[in-house]
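A.B. asks: got a predicted model here, sequence first, then my questions.
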Amino acid sequence: MDSQPTVWMNVTTSSQWSRAVVGVVRVEKELSRGLEKLYPKGSYKCCVWQTDRFVEYIPAFGEVLPEASVVGDHPVVQPAPPSLPLLFPILSRRDAAKSIAQGVLSLAPSRLRPAINRVIACCKNRLAPLVYSPRYRQFKRYFQRSNIVKAEVAEAFGKTAQSIFNPGDVLLSVGLDWDYPYAKEFMRLRKAESVKIVRCCYDLIPVLYPQYCVADVAAHFTRYFLDVADSSDRVLCISKQSESDLKDLLSRTGGSPVNTRVFTLGDNVIKGRVENIGNEVRDIVAAPFILYVSTIERRKNHQVLYQAYHQLCKEGKKDRLPKLVFVGMRGWGVDELLKDIELDPVIKDTIVLCNHVNDAELQLLYQKSVCCVFPSLYEGWGLPVAEALALGKVVLSSDRGSLKEVGGDLVTYIDPWHSGAWATEIERIANDHDYRTRLGQRVSASYRPRQWRDTAVSVKSVLDELLVLPPEAQTYYCGYDLTTGVGQPVGPLIKSRGQHGVLFSGPHNALPSGRYVLEIWDLPAQRTPGCCSVSVYGDGVVIAAQNAIDFSPASDQQALLCLSFELSAPVTNFDVQCRLIAGEVSVERLVLMSQ
Amino acid sequence: MKLLLLCTYPYSNGRHGGQIRVANLVDCYRSAGFLVEVAGVLGSANYPKSEGFVAFPGLQALSGVLENPFLMEDAALAQLFVDNDSYYCQLAEKIQSEPDVIHVEQPWLFGFVRRLVVDKGWRKTKILYGSQNIEYQLKAKILAPHLPPAKLEKHVDKVKQLESEATLQADAVVCVSEHDLQWTRQRTQAPSIVAANGVSPWTVTSKGIDAANKISGCRKFALFCASAHPPNMEGFFELLSNGFGSLSQDQSLVIAGSAGPAITNDARLATSARLAERVVSAGIVENDCLGGLLETTHCTVLPVTQGGGTNLKTAEALWAGRFIVSTTTAMRGFEQFIGSPGVFVSDKPAGFKQNLRLAMAAPPLRLSCEDLKKREVVLWSHTLQNLPQFIMESFKC
């Protein structure tokens, strides 16, 4: 076993991703690449979730993580043999049911979707009380118990693989974690295997603005963030806004307080090859245009730009207006807007939609634009604003969410609900050349692009903090965390009840190597004169033992036993066993301190 | 002294707060040497037959005096047993002899008593009104989600009238909290006293602990003991809705009492993220098991947002000596314990949930002998100790 802790990065999301590398996938890939360069060989590894556990991820021979985000330009990333690649991520039953429902909805003819949506919602409302009924829960418990039995049988035949983690390792996970069923595994790893967990919070949009999401996902994501808080040693937030939103949510719901760190995303625009620029983009850049890079969905508020353009055109200013180019995939809830744009004779030919652009095309569009706009109703960060600034462009942006953190005082901020203000500012930028030049020069002189390498460095500092953090004293309450043979659990206590034998055993968790002091605390007033023995095991081998520990009633607080021991290597099954030989005792807790 | 106690529920083997209070009042009076007779009407078809009690008249009879008496059965009973001679006589026949004092618990049978003493010519008999609440305010909160404003007002006015008559016409009034006492003293010159709700010490058995462990799975848990009385449900959902992060994956919220099934069958449970997953409904449990739950719980929650009076469950929680996560409403009558070790109080959902998390994260509460001694004031033997003397002095017996 390695004695030095390892930093692990969960790359499940990017290992299964075969589309354009954007958003969360890009963050995962950039961080993985950056951290690999920053850590010495062997102290940084990647892992992926497979079926029911994390396995080490070793890229296939000759495989490299792609630099560019163009679809088809990079090899499909696959986990190394013997692990088979997964076509789809393994989902929890709940998420699988949701995916089926979403699939049915998406594949249905658009005119039937509202009705199907209502039917699905109706089914959900009727099924929910059933799911939480005592009968179903009883069935579920039985079913889960059956699984446990199967796992135990498999283990007895040596079929279970050993965990890849050692106590004290750090696991970083920044992917699409809400789509995977490993949330509970993070909690288990943290508690049972002493692995330190670092997770990420991008934004709380589904919780704060569920109306802008495909379905009512507020409760689902509230659960997700509660789990993130419960299962993490550190939570990385991509902006102060996200950090504040997360803390507000946890405060509102009574969630576990989290130790957060804000890290900023890189904004260096990926360069592509000039020969990759297609005719559509060549035509667009031939005339002045204003650029909006974003998925077309309700939250992104393309509506306000349409209204501003409609107003300006109606005022007879159409000839003096640059075209407005929307670059991005078509999302949900914008059918009517796009129909308006297509049919509105007042703005005809002024708004252009452009999808599937590659990196070279995107860079050219940024460079040739008159300015960039970003009227989003809410953001957890706002990468297109940062990318535009990094290329020296003038930006008009919404003032909501984290956007002011991105642009500082280099961006003109406008209320995203106020189409008149957008019309005024767009007209000014388009027609006042001096004003635009002045703003552009200020951006070029003042904006310092954020490099992905810096992102990796800041994340590394958080990981390093955990690597060197001295282990905290661990308290195990006997009644909750240990098992008993002859005693009775009474809340946190295990009380003897007249029989002699194994009073307690446990906690059966992993422990890093090192020197330790173990204290066993009981309620001295509840003792009757007697005697017990204690043995400490590591993976079944006796590490320390003390026989014939005599005890008698006492009025003051005193430990039943204090024992020092040393572990030369980490163990996966740390077990303290106490045998009661005579007398009565109520043990409350074991306290394990690292020295 | 001969004392007749009238109420609308049986008092032996009682489960809800009213029944337990009446049982302890009877014990208290008998211990003081009073000759106590108990009679009344069963206010629900769910109560078992009891000696001295007229059977529940049924919704049809109640509907005859009050249109759609849903959640207003008590007020309908009040009218039925005054206006309907047949029902009046049925109850009057249960009363065997002329008492010196009639203690009417809650206002529902007060009209009956007024008619009885006049009909029987019991001029010396004194009437003591036992208030458990400011009933019309509580009724307004219970009915509000179910009735349109005009009908709500009409029903609440009816309860207000019954309560005012009882307060004004009684020869003495017993309240359950200082707050209710002040309210009463603004309305009547009659002598009045506080006899708060309390708790009887219970013994914890090994069998009870085993039963409790079976429910909790030997995990750390918070305990909510309540009946399915609507205010209990409303308080629970008011304070724990919109996401519930107070308990971690290995902790649970055990609900003992009829509130358990009522909550798990309520659609609101599933809409609060992580609440349904943490709830374990124990349902109505034996006293042994309840003792085991109170002994093994880490914390007791009292999400009470409605009602006056004092909460029996607060007294129980204080005597159990575990952490308490409560509201100021739940602490009414026990204000001296706000700020004492292990007692967290908040009236806002966020604060309540945060307090629950804090309590659950804290090491087990170990009260000092001094703190335990202070909590003896929650025992019935203490809360009712001045009542017999008050009656003797007020009525010059």
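C.D. replies: Thanks, I have it. Fair warning: this is a prediction, and the values are worked out from it, not measured in the lab.
A.B. asks: where in the stretch 251-397 of chain B is pLDDT low?
C.D. replies: Along the stretch 251-397 of chain B, segments meeting pLDDT under 70 span B:307-309, B:397.
A.B. asks: chain A contacts on that one?
C.D. replies: B:261, B:264-265, B:267, B:269-274, B:276, B:281, B:295-298, B:349-350, B:352-357, B:363-364 (CB under 8 Å from any CB of the partner chain). (Each C-beta comes from the backbone N, C-alpha and C, glycine too.)
A.B. asks: buried subset of the residues you listed as a PyMOL selection?
C.D. replies: Selecting only the buried entries of those in PyMOL, with 16 or more other CB atoms under 10 Å in any protein chain shown as the criterion:
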select buried, chain B and resi 261+264+269+270+271+272+273+274+276+281+295+296+297+298+349+350+352+353+354+355+356+357+364
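A.B. asks: got the contact list for residue B:29?
C.D. replies: B:3, B:5, B:36, B:103, B:387-388 (CB atoms under 8 Å, 6 or more residues apart in numbering or on different chains).
A.B. asks: break chain A into its domains for me.
C.D. replies: A:7-262, A:274-449, A:474-594 (automatic domain parsing).
A.B. asks: out of the ones you listed, which gets nearest to residue B:183?
C.D. replies: Ranking those by their distance to residue B:183 (criterion: CB to CB) puts domain A:7-262 first, at 33.6 Å.
A.B. asks: number of nearby residues for the residue of the stretch 201-350 of chain B found nearest chain A?
C.D. replies: Residue of the stretch 201-350 of chain B nearest chain A, by CB to the nearest CB: residue B:245 (3.0 Å). Look at residue B:245: counted by other CB atoms under 10 Å in any protein chain shown, it has 28 neighbours.
A.B. asks: my guess is it contacts residue B:272. True?
C.D. replies: No. Contact criterion CB atoms under 8 Å: residue B:245 and residue B:272 do not qualify, at 10.2 Å.
A.B. asks: the residue of the stretch 201-350 of chain B closest to chain A: what's its closest spatial neighbour, skipping adjacent residues?
C.D. replies: residue A:255 (3.0 Å; CB to CB, 6 or more residues apart in numbering or on different chains).
A.B. asks: how about the one you found, what does it touch?
C.D. replies: By CB under 8 Å, 6+ apart, residue A:255 lies in contact with A:225-226, A:229-230, A:249, B:243, B:245-246, B:357.
A.B. asks: quick check: pLDDT value at it.
C.D. replies: Residue A:255 is assigned a predicted lDDT (pLDDT) of 96.
A.B. asks: helix, strand, or coil at it?
C.D. replies: Following DSSP: H, G, I helix; E, B strand; the rest coil, residue A:255 is assigned to coil.
A.B. asks: quick one: furthest residue from the center of chain A?
C.D. replies: Largest separation from the mean C-alpha position in chain A: residue A:529, at 53.5 Å (CA atoms, centre = their mean).
A.B. asks: need the residues of the stretch 451-595 of chain A near chain B, please.
C.D. replies: A:475, A:477, A:479-480, A:488-492, A:497, A:588.
A.B. asks: which element, helix or strand, includes residue 165?
C.D. replies: You didn't say which chain, so I picked chain A. For residue A:165, there is no helix or strand it lies in under DSSP states H and E.
A.B. asks: chain B was what I was after
C.D. replies: Per DSSP H and E: residue B:165 is located in helix B:149-169.
A.B. asks: residues of that helix that come out buried?
C.D. replies: Buried positions in helix B:149-169, judged by neighbour count with 16+ other CB under 10 Å: B:152, B:155-156, B:158-160, B:162-163, B:165-167.
A.B. asks: over to stretch A:238-249?
C.D. replies: For stretch A:238-249, using 16+ other CB under 10 Å, the buried residues are A:238-239, A:241-243, A:245-247, A:249.
A.B. asks: residues touching residue 328, list them.
C.D. replies: Just so you know, I chose chain A. Residues near residue A:328 by CB under 8 Å, 6+ apart: A:292-296, A:300, A:355.
A.B. asks: actually it's chain B I care about, not the one you picked
C.D. replies: Counting by CB under 8 Å, 6+ apart, residue B:328 touches B:338, B:345, B:347.
A.B. asks: quick check: the closest residue in space to residue A:491 that isn't next to it in sequence vs residue B:232, distance?
C.D. replies: Closest residue to residue A:491 apart from its sequence neighbours, by CB to CB, 6+ apart: residue B:296 at 4.2 Å. Plainly put, residue B:296 is 22 Å away from residue B:232 if you go by CB to CB, to the nearest Å.
A.B. asks: ok, residue A:96 next?
C.D. replies: Taking CB to CB as the measure, residue A:96 falls 37 Å from residue B:232.
A.B. asks: comparing the two, which residue is more hemmed in?
C.D. replies: residue B:232 (27 against 13).
A.B. asks: near chain B, which residues of chain A?
C.D. replies: So chain A meets chain B at A:125, A:128-129, A:131-134, A:184, A:187, A:218-220, A:222-223, A:226-227, A:229-230, A:249-256, A:475, A:477, A:479-480, A:488-492, A:497, A:588 (CB under 8 Å from any CB).
A.B. asks: check which helix or strand the residue in the stretch 251-397 of chain B that chain A sits nearest to maps to.
C.D. replies: Residue nearest to chain A within the stretch 251-397 of chain B: residue B:353 (2.6 Å; CB to the nearest CB). Element membership for residue B:353 (DSSP H and E) is helix B:349-361.
A.B. asks: how far off centre is that helix?
C.D. replies: When distances are taken as CA atoms, centre = their mean, to the nearest Å, helix B:349-361 is centred 25 Å away from the chain's centroid.
A.B. asks: stretch A:30-46 too?
C.D. replies: Remark: stretch A:30-46 is offset 19 Å from the chain centroid, using CA atoms, centre = their mean.
A.B. asks: hmm, who's touching it?
C.D. replies: Residues outside stretch A:30-46 that contact it (CB under 8 Å, 6+ apart) are A:2, A:4, A:6-11, A:14, A:56-58, A:65, A:164, A:172, A:174, A:266, A:452-453, A:455-457, A:459-460, A:463.
A.B. asks: so for it, what gets flagged as buried?
C.D. replies: For stretch A:30-46, a neighbour-count test (16+ other CB under 10 Å) marks A:30-36, A:38-39, A:44-46 as buried.
A.B. asks: partner strands of the longest strand along chain A, with direction?
C.D. replies: Assignment by DSSP state E gives strand A:571-584 as the longest strand of chain A. According to DSSP bridges, strand A:571-584 has the following sheet partners: strand A:501-511 (antiparallel), strand A:528-538 (antiparallel).
A.B. asks: deepest of those strands, which one?
C.D. replies: strand A:501-511 (a mean of 20; mean count of other CB atoms under 10 Å in any protein chain shown).
A.B. asks: for the record, mean pLDDT for that strand?
C.D. replies: Strand A:501-511 comes out at a mean pLDDT of 95.
A.B. asks: alpha carbons of that strand, as PDB, please.
C.D. replies: Output of strand A:501-511 as PDB, limited to C-alpha atoms (Å, rounded to 0.1, in the frame of the first residue of the first chain):
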ATOM      1  CA  GLY A 501     -19.000 -11.600  26.500                       C
ATOM      2  CA  VAL A 502     -18.400  -9.100  23.700                       C
ATOM      3  CA  LEU A 503     -19.900  -5.900  25.000                       C
ATOM      4  CA  PHE A 504     -19.000  -3.900  21.800                       C
ATOM      5  CA  SER A 505     -17.100  -4.300  18.600                       C
ATOM      6  CA  GLY A 506     -16.400  -1.800  15.800                       C
ATOM      7  CA  PRO A 507     -16.300   0.700  14.000                       C
ATOM      8  CA  HIS A 508     -14.900  -1.400  11.200                       C
ATOM      9  CA  ASN A 509     -13.600   1.500   9.200                       C
ATOM     10  CA  ALA A 510     -10.400   2.400   7.400                       C
ATOM     11  CA  LEU A 511      -7.600   4.200   9.300                       C
END
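A.B. asks: got the domain ranges for chain B?
C.D. replies: The record's domain parsing of chain B by automatic domain parsing lists B:2-198+B:381-394, B:206-378.
A.B. asks: this completes my enquiry, with thanks.
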